[in-house]
Each structure stands twice: as structure tokens, then as C-alpha cells.
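Just the structure for this:
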Amino acid sequence: MEIEIVKITEQNKAQLAHFALSVYIGEKCLFCEREYKTMDDLKDTLWVGQDDDRRLACLGCWQKYGQNG
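Here you go, the predicted model:
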């Protein structure tokens with residue numbers, strides 16, 4: 001395995017962000033358990049929870065179930 005350090009530039013930052021977010025494909029919403037299957041599915045998500053227990057949640061689920069309880 002080779003490791004290469006890549007400097008973030010205006011030209012590559014969108015691709016690097018896409019790569020970083022892609023590792024969350026297959027995760028499920030903490031509340032409704034909907035599986036995020038595409039990059040578009042991840043657009044309206046946020047991290048919820050404390051420290052090591054943080055998980056992704058749909059923004060709508062968070063607004064409905066999480067932020068008040």
C-alpha cells in the first residue's frame with residue numbers, strides 16, 4: 001500500500017470532499033434506520049450523539065425526534 005499526501009487546492013477540494021463523504025455510504029439513520037445508498041442521500045444528514053456514540057441522522061428525523069428528546 002502506498003500513501004500519498006495531497007495538498008488541498010481549489011481544483012481538488014470537491015473531489016476530496018466527495019471521497020471523504022463516500023465512506024458513509026451504507027450507514028443508517030439513527031432514528032428511521034434508512035440506509036444512505038448514494039451521495040445524494042448524504043446531503044441532508046448530520047452527526048448526532050456524544051463522542052464515540054455519534055451517528056448519522058436524517059435532518060428531518062433530527063428535527064422531529066432528536067433535538068427535543
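
List the contacts of stretch 21-40.
Identification of contacts with stretch 21-40 by CB atoms under 8 Å, 6 or more residues apart in numbering yields 18, 41-42, 45, 48-49, 55-58, 61-62, 64-66. Backbone N, C-alpha and C define where each C-beta goes, glycine included.

Ranking by neighbours, what's the top pick from those residues?
Ala57 (25 neighbours; other CB atoms under 10 Å).

Of the contacts of stretch 21-40, which belong to helices?
If you go by DSSP state H, the contacts of stretch 21-40 have 18, 41-42, 61 in helices.

and the least confident of those residues?
Scanning these for pLDDT, the low point is His18. It has 89.

how close does it sit to Val6?
14 Å (CB to CB, to the nearest Å).

what do you get for Leu16?
From Leu16 over to Val6 the distance is 7 Å, taken as CB to CB.

Those two - which one has more neighbours?
Ranked by neighbour count (other CB under 10 Å), Leu16 and Val6 place Leu16 first, with 12 against 8.

Quick check: nearest residue in space to Asp44, chain neighbours excluded?
Of all residues not flanking Asp44 in the chain, Leu59 sits nearest, at 4.5 Å (CB to CB, 6 or more residues apart in numbering).

pLDDT score assigned to the one you found?
93.

Just give me the neighbour total for it.
Residues near Leu59, counting by other CB under 10 Å: 13.

And Gln11, by the same measure?
Residues near Gln11, counting by other CB under 10 Å, number 7.

Repeat that for Lys13.
So Lys13, with other CB under 10 Å, has 10 neighbours.

residue contacts, it?
With CB under 8 Å, 6+ apart, Lys13 has no contacts at all.

Do me a favour and get the backbone dihedrals for it.
phi -70, psi -30 (degrees, to the nearest 10).

what's the spacing between it and Val6?
10 Å.

Spit out the residues that contact the two alike.
In contact with both Lys13 and Val6: no residue, using CB under 8 Å, 6+ apart.

gap between Leu46 and Gln15?
The gap separating Leu46 from Gln15 is 23 Å, by CB to CB.
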